[in-house]
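> structure for this input, please:
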Amino acid sequence: MRARPGKIAMYEQFAADGIDYMFGNPGTVEQGFLDEAGRSETSYLLALHEAVAVGMADGYARAAQRPSLVQLHSGVGLGNGIGMLYQAKRGGSPLVVLVGEAGVRYDSMDAQMAADLVAMARPVTKYATRVVDPASTLRVLRRAVKIAMTPPRGPVVVVLPADVLDQVTAEPVVPTPIPDTRVAPAPALVEQAAEALLAGERPLILMGDGVAASGAQEELTAVAERLGAPVWGVNSSEVNIDTTHPLYGGQLGHMFGADSARVVREADAVLIVGTYVFPEVFPSLVSPFREGARIVHVDLDAYEIAKNFPVELGVVADPKLTLAALAGELDRRRPYRAARPDHPAPTAPAEDGSVLERFVHVLAERASADLAVFDESLTASGALAKFLPPRVPGRFFQTRGGSLGVGIPGALGVKLARPELQVVGFTGDGGSMYTIQALWTAARHGIDAKFVICNNRRYRLLDLNIEQYWRELGIAAHAYPAAFDLSKPDIRFAELAGSLGVPGRRVDRLDQVEDAVEAMLGHDGPYLIDLATD
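Here you go, the predicted model:
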């Protein structure tokens, strides 16, 4: 292989791995590396804030099921992206994050922007490392791609000192090998799982995004039908089962352990698949499961199995292969006859109903069959679930990990990964302001995604959470904290979007809804709706 600077060799490696986009925000220490971008096959997507870059990469990786590349600027840029990196870690998004650094030769100087970048990144990544030898630049990059893509997937950070990238390397370029981890369980374990699950009279299934990552939606449905078990989502932010299926129970809460306990406490046979339990902010410190319940946990992440509460059987194996084998074993033990009643279609909202419900209902009627939704609407999500229920894998993505601001950049990433889809991102007024700069990126690069800001002029989720806090402590209800209010001054989102190059309109009356939906769907390019939901 010919000798060339590492900053050039890296783009050759990107091409070998089929990496089409790099999402980033530039800085001085990356200037030599970014100077080569225009001569490469990798398109640079410019974001005005690092959280936007990471959020776009997260949406892209989820929709494409491929590694997504991010460029961040030294300690300050990495710091700005950490919230979104935490979300990517919790959600298992395979991001490869390149963080620039002044150079190895400056290590002893403790100079401007100096920081231990690897140590900064470790808590919010699956793996973090630093390139210190030019002869290993591509080796480290391939390792990063492999680790990011190997289940349990997650973000990886590679720190790139500028002086190392300027040096010559003769490393060969080869595509990164991704190991196949589709491990099937031993037949004896499948038999043991079937025995435990059939022993109960009130079976229950808890599912998470490991199902979608494995492509195991059909197999999960088959097992649920054979057990007659309701299925509840836990850390479930993609389509893991058709949510119109009669056995779909809903989503467990993400805030309070008592909410999860109410769902699981009567079950005497529990199958947990593709998720950790439980992902609440305030989880139960004692097991919420019924005493004597027989619990089977299937996941590729051994760390999460029995992490917090004991299980009878933990199986580290691929969900798709395991569920297929389990369905077969259940059939062998108890022949199954299909009986699946039709799920009633959602009724139209009343003429005097909410603007939100009317908008989502009209969107469901007018959108194309290939509509994909990115949902960060939080307290407005009920209307989406009612009129746009997640049914088709790869057509629904929800915020996860607790980081606000992923709705707009996440939708942009989905559209770049799946340009054939009609993509609409829903977010809230509070969440949107974390990354509103993403609209400029949409306009600059002509990314034809649509955006709906559900505007109730406050952090409504905090209202709901503090109400529960008051109840638990016996505090009388009173005015919400002023910190939850976003109405003073009022944010004019349509005008703000226009200033960033994205046209839009305000919708606050029922008679405006139909024209607004038509305008949004008919516009060639990004478009924003400021939807009053208060």
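> can you tell me the element the closest residue to residue 359 other than its chain neighbours falls in?
Using CB to CB, 6 or more residues apart in numbering and skipping residues adjacent in sequence, the residue nearest residue 359 is residue 513, 5.1 Å away. Heads up, the C-betas are built off the backbone N, CA and C, glycines and all. Using DSSP states H and E, residue 513 falls within helix 513-522.
> same question, residue 439
Going by DSSP H and E, residue 439 is part of helix 438-445.
> list the buried ones in that helix?
438-443, 445 (16 or more other CB atoms under 10 Å).
> format those residues as a markdown table; extra columns: distance to residue 123 and pLDDT.
Below are the buried residues of helix 438-445 laid out as a markdown table (distance: CB to CB, whole Å; pLDDT from 0 to 100):
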| residue | distance to residue 123 | pLDDT |
| --- | --- | --- |
| 438 | 25 | 98 |
| 439 | 30 | 98 |
| 440 | 30 | 98 |
| 441 | 27 | 98 |
| 442 | 31 | 98 |
| 443 | 34 | 98 |
| 445 | 32 | 98 |
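> looking at those, spot the one nearest residue 138.
Nearest to residue 138 out of the buried residues of helix 438-445 is residue 445 (CB to CB; 28.0 Å).
> the closest one and residue 45 touch, don't they?
Yes: contact criterion CB atoms under 8 Å: residue 445 and residue 45 qualify, at 6.0 Å.
> so for the helix holding residue 513, mean pLDDT?
What helix 513-522 shows for mean pLDDT is 98.
> kindly report the same for stretch 489-496.
On average, stretch 489-496 scores 96.
> can you list contacts of it?
Contacts to stretch 489-496, defined as CB atoms under 8 Å, 6 or more residues apart in numbering, come from residues 429, 432-433, 436, 439, 453, 455, 457, 504-506, 528, 530.
> rerun at 6 Å
453, 504-506, 530 (CB atoms under 6 Å, 6 or more residues apart in numbering).
> and the two most separated of those residues?
453 and 505 (11.3 Å).
> comparing those two, which residue is more hemmed in?
Remark: of residue 453 and residue 505, residue 453 carries more neighbours, 31 against 18, as counted by other CB atoms under 10 Å.
> and the contacts of the helix or strand containing that one?
Residue 453 belongs to strand 450-455 when assigned by DSSP H and E. By CB under 6 Å, 6+ apart, the residues outside strand 450-455 that reach it are 377, 380, 408, 424-429, 432, 493, 520, 527-533.
> right, and the helix or strand after it?
Strand 450-455 is succeeded, C-terminally, by helix 460-473 (DSSP H and E).
> roughly how far is that next one from the heart of the chain?
Helix 460-473 sits 26 Å away from the centroid of its parent chain (CA atoms, centre = their mean, to the nearest Å).
> just stretch 90-103 next, same as before
Counting by CA atoms, centre = their mean, stretch 90-103 comes out at 16 Å from the chain centroid.
> repeat that for stretch 24-33.
27 Å.
> what about the spatially closest residue to residue 194 that is not a sequence neighbour, which SS state?
Nearest residue to residue 194, sequence neighbours excluded (CB to CB, 6+ apart): residue 329, at 4.2 Å. With DSSP: H, G, I helix; E, B strand; the rest coil as the basis, the three-state label of residue 329 is helix.
> which residues sit against stretch 126-133?
104, 118, 121-122, 137, 140, 147, 154, 156-160, 164.
> also stretch 355-364?
Taking CB under 6 Å, 6+ apart as the rule, stretch 355-364 contacts 348-349, 380, 383-384, 387-388, 510, 513-514, 517, 531-533.
> redo the residues you listed as TSV? Include secondary structure and neighbour count.
TSV is the format used below for these (DSSP: H, G, I helix; E, B strand; the rest coil; neighbours: other CB atoms under 10 Å):
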residue	secondary structure	neighbour count
348	coil	14
349	coil	20
380	helix	25
383	helix	24
384	helix	23
387	helix	22
388	coil	22
510	helix	17
513	helix	21
514	helix	14
517	helix	24
531	strand	27
532	strand	19
533	coil	23
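> residues of stretch 198-218 that come out buried?
198, 200, 203-214, 216-217.
> outside of that stretch itself, list whatever touches it.
Applying CB under 6 Å, 6+ apart, the set of residues contacting stretch 198-218 is 197, 220, 224, 227, 229, 231-238, 240-241, 266-275, 294, 299, 318-320, 323, 393.
> ok so, going back, got the contact list for the residue nearest to residue 359?
Contacts of residue 513 (CB under 6 Å, 6+ apart): 358-359, 362.
> redo that, cut-off 10 Å
355-363, 507, 529, 531 (CB atoms under 10 Å, 6 or more residues apart in numbering).
> how far away is it from residue 366?
Separation of residue 513 from residue 366 (CB to CB, to the nearest Å): 10 Å.
> still on that earlier bit, so which of the buried residues of stretch 198-218 are in strands?
Here DSSP state E is the test, and these give 203-207 as lying in strands.
> helices and strands around the lowest-mean-pLDDT helix or strand in the chain, which ones?
For the chain, counting by mean pLDDT, DSSP states H and E, helix 460-473 ranks last in confidence among helices and strands (a mean of 89). Helix 460-473 sits against helix 257-264, helix 429-432, with contacts defined as 3 or more CB pairs under 10 Å, 6 or more residues apart in numbering; DSSP states H and E.
> beyond that helix, next helix or strand please.
Next element after helix 460-473 (DSSP H and E): helix 493-499.
> circling back: can you list residues touching both of residue 445 and residue 45?
21, 56, 412, 416.
> host element of the third one?
Put plainly, it is residue 412. helix 407-417.
> how much does that helix deviate in direction from helix 438-445?
30 degrees (axes from the mean of the first three to the mean of the last three CA atoms, to 10 degrees).
> alpha carbons of helix 407-417, as PDB, please.
Extracted C-alpha coordinates of helix 407-417, given in PDB (Å, rounded to 0.1, in the frame of the first residue of the first chain):
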ATOM      1  CA  GLY A 407     -36.600  14.900  17.500                       C
ATOM      2  CA  ILE A 408     -35.600  17.200  14.800                       C
ATOM      3  CA  PRO A 409     -32.000  15.900  14.100                       C
ATOM      4  CA  GLY A 410     -33.200  12.300  14.500                       C
ATOM      5  CA  ALA A 411     -35.800  12.800  11.800                       C
ATOM      6  CA  LEU A 412     -33.100  14.300   9.500                       C
ATOM      7  CA  GLY A 413     -30.900  11.200  10.100                       C
ATOM      8  CA  VAL A 414     -33.800   8.900   9.300                       C
ATOM      9  CA  LYS A 415     -34.500  10.700   6.000                       C
ATOM     10  CA  LEU A 416     -30.800  10.500   5.000                       C
ATOM     11  CA  ALA A 417     -30.700   6.800   5.700                       C
END
